[in-house]
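Enquirer: kindly generate the corresponding structure for this input.
(one chain, ligands or ions: 1)
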Amino acid sequence: MDYQVVVVGGGPGGYVCAIRCAQLGLRTALVEKGKVGGTCLNWGCIPTKALVSATKLLERAATAEEMGIAFAPPAIDLPKLAAWKVGVVSTLVAGIETLLDRNGVELVRAEGRLDGPGRVALSDGTVLSTERIVLATGSSAIEIPGFSFEDPRVWSSDDALALTEIPEKLVVIGGGVIGLELASIYSRLGSAVTVLELLPEILSVVDLDRRTVATLKRALKLQGIDVRTGTAAQSIEDGPDGPLVRTDGDAVPADRILLAVGRRPNSADLGLETVGVEPDRRGTLPVDGTLRCGSDEVYAIGDVAPGPMLAHKASAEGVALAEAFAGGEMRTFDHASIAQAIFTDPEIASAGLSEASAKEHGHEVLVGRFPYAALGKALGMREPDGFFQVVADASDHRLLGAAIVGADASELISEAAVVIESGLTLEAIADAIHPHPTLPEGLKEAAESALGRAIHSVNR
Ligand code: FAD
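Expert: Sure, this is the predicted structure:
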């Protein structure tokens, strides 16, 4: 055998799995047809968040006058902004290439395809033999009838992140996480943005309470983003002043149309039939509790496997698998408890169950909330909008879920995630002394509120 493990796909699932395998002494190759870091580093998490942080400066500069500090109207140098984003991505990609090298992973730059049990055929004709194969091939944006990425008027998230222009009118089809993050970025850059969402509510694939979503919707409206739910985008028409997106009730002018209606696992043309694996209708590879798909030593992690399409979920599966390969116990994951963040303004972050889901699961719950407006730190940051929410089991106070809407929610949710994953209680948060004045005090206050012993809000 050439290798003990061959990982196909070098995104946050695959490269992390390969590094951990090599650290644990397994002879490992990573097969990547594009750039290491995958979608996350190159066209996903990192470029979006670089642009979120850059464009938030525009908003802060515009409103700093309220704090007594005035700037001249900012100028946007789009090529420079794009180059800065590319610089961030390139630095991280180079860092991962170094880590792969230093840990002894063999990076094979080729397209890989299964060629029967224990064999990965490469695009250059070589075949690697291996004890185990990990499929970490990720996912790709999907199209809907009437809208094709071949049409230059239609953007994928990759096109939107290329930053070639700031369209005057941008129509975003899809009110999910990716659509709303890019809608917020382009709105701050100056586009007039309309979001069309087929379902009755935005962010419907994320387990969030109505109050949480309503807070974001209000904020998006104030930012001038026109969110239309229950609206089906049907086709593109040529209007007198440019393209129009025909919906079931209207026609919306659009210079560019960003299609962000979801992603499909990359499971086609992987030679799955050679190992007897069949993806489901959506293209997801079925796995058992050990992330194995099929009877041979073939495993799947990340977006191509079941569960939320999140970089940290992919990486966690990669590490768990590597440790199990090296003889450790397989760690299993409850997909519902995985924390996630939405980088809109305000940010939303959640971990575990919403109040509604906790009740659906049969829990009698204690719920505590605390507003940003009552936190000294938030007021000093001029960030009074939003709230912290915790949901616990009423019988033993075990934390079941948390949601935060507001400034830096993505940074704040990890405390709740640790408590939920460790099976700890409201008291674990409420009794821990949090430094003052800080935003994490909001989570402590919410936990105290759930316990009926809040100091800075009225107990009900
Ligand atoms: P990927 O990152 O997609 O990597 C798969 C890799 O496999 C690719 O490099 C591809 O070239 C390679 N590959 C595919 N087929 C083959 C083959 N046959 N041979 C060799 N190589 C192959 N997630 C978050 O957690 N936080 C975020 O903020 C976030 N923001 C996002 C923003 C956008 C715009 C997008 C599109 C996604 C975002 N995501 C975010 C989702 C995140 O990017 C994915 O969940 C994550 O990248 C999945 O990791 P993966 O390793 O499964 O696959």
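
Enquirer: okay, the closest residue to the ligand within the stretch 351-460 of the chain and residue 404: tell me how far apart.
Expert: Nearest to the ligand in the stretch 351-460 of the chain, going by C-beta to the nearest ligand atom, is residue 410, at a distance of 8.2 Å. All C-beta atoms are positioned from the backbone trio N, CA, C, and that covers glycine. To residue 404, residue 410 is 9 Å away according to C-beta to C-beta, to the nearest Å.

Enquirer: got any residues that touch both of the two?
Expert: Common neighbours of residue 410 and residue 404 are listed as 347, 349 (criterion: C-beta atoms under 8 Å, 6 or more residues apart in numbering).

Enquirer: returning to that earlier point: do I have it right that the residue of the stretch 351-460 of the chain closest to the ligand meets residue 351?
Expert: No - taking C-beta atoms under 8 Å as the definition, residue 410 is not a contact partner of residue 351, at 11.2 Å.

Enquirer: of the two, who's got more company?
Expert: Between residue 410 and residue 351, residue 351 has the larger neighbour count (other C-beta atoms under 10 Å), namely 26 against 18.

Enquirer: on the three-state scheme, that one is what?
Expert: Following DSSP: H, G, I helix; E, B strand; the rest coil, residue 351 is assigned to strand.

Enquirer: quick one, what contacts it?
Expert: Neighbouring residues of residue 351 by C-beta under 8 Å, 6+ apart: 337-340, 401-402, 413, 416-417, 420.

Enquirer: ok, now residue 218?
Expert: Applying C-beta under 8 Å, 6+ apart, no residues contact residue 218.

Enquirer: and for residue 313?
Expert: Contacts of residue 313 (C-beta under 8 Å, 6+ apart): 302, 307, 333, 335, 338.

Enquirer: wait, residue 442 sits on residue 375?
Expert: Yes - using C-beta under 8 Å, residue 442 makes contact with residue 375 at a distance of 5.3 Å.

Enquirer: can I assume residue 369 is in contact with residue 388?
Expert: Yes - with contact defined as C-beta under 8 Å, residue 369 counts as touching residue 388 (6.6 Å).

Enquirer: compare neighbour counts for those two and give me the winner.
Expert: Remark: of residue 369 and residue 388, residue 388 carries more neighbours, 29 against 20, as counted by other C-beta under 10 Å.

Enquirer: for that one, give its distance to residue 403.
Expert: Residue 388 sits 8 Å away from residue 403 when distances are taken as C-beta to C-beta.

Enquirer: kindly report the same for residue 114.
Expert: Residue 114 sits 41 Å away from residue 403, going by C-beta to C-beta.

Enquirer: the more surrounded of these two?
Expert: residue 403 (30 against 23).

Enquirer: distance-wise, check the closest residue to residue 226 other than its chain neighbours relative to residue 142.
Expert: Of all residues not flanking residue 226 in the chain, residue 194 sits nearest, at 4.4 Å (C-beta to C-beta, 6 or more residues apart in numbering). Going from residue 194 to residue 142 by C-beta to C-beta gives 20 Å.

Enquirer: neighbour count for those two, which is higher?
Expert: Between residue 194 and residue 142, counted using other C-beta under 10 Å, the more crowded position is residue 194 (23 against 16).

Enquirer: what's the next secondary structure element after the host helix or strand of that one?
Expert: Using DSSP states H and E, residue 194 falls within strand 192-196. Counting by DSSP H and E, the next helix or strand C-terminal to strand 192-196 is helix 210-222.
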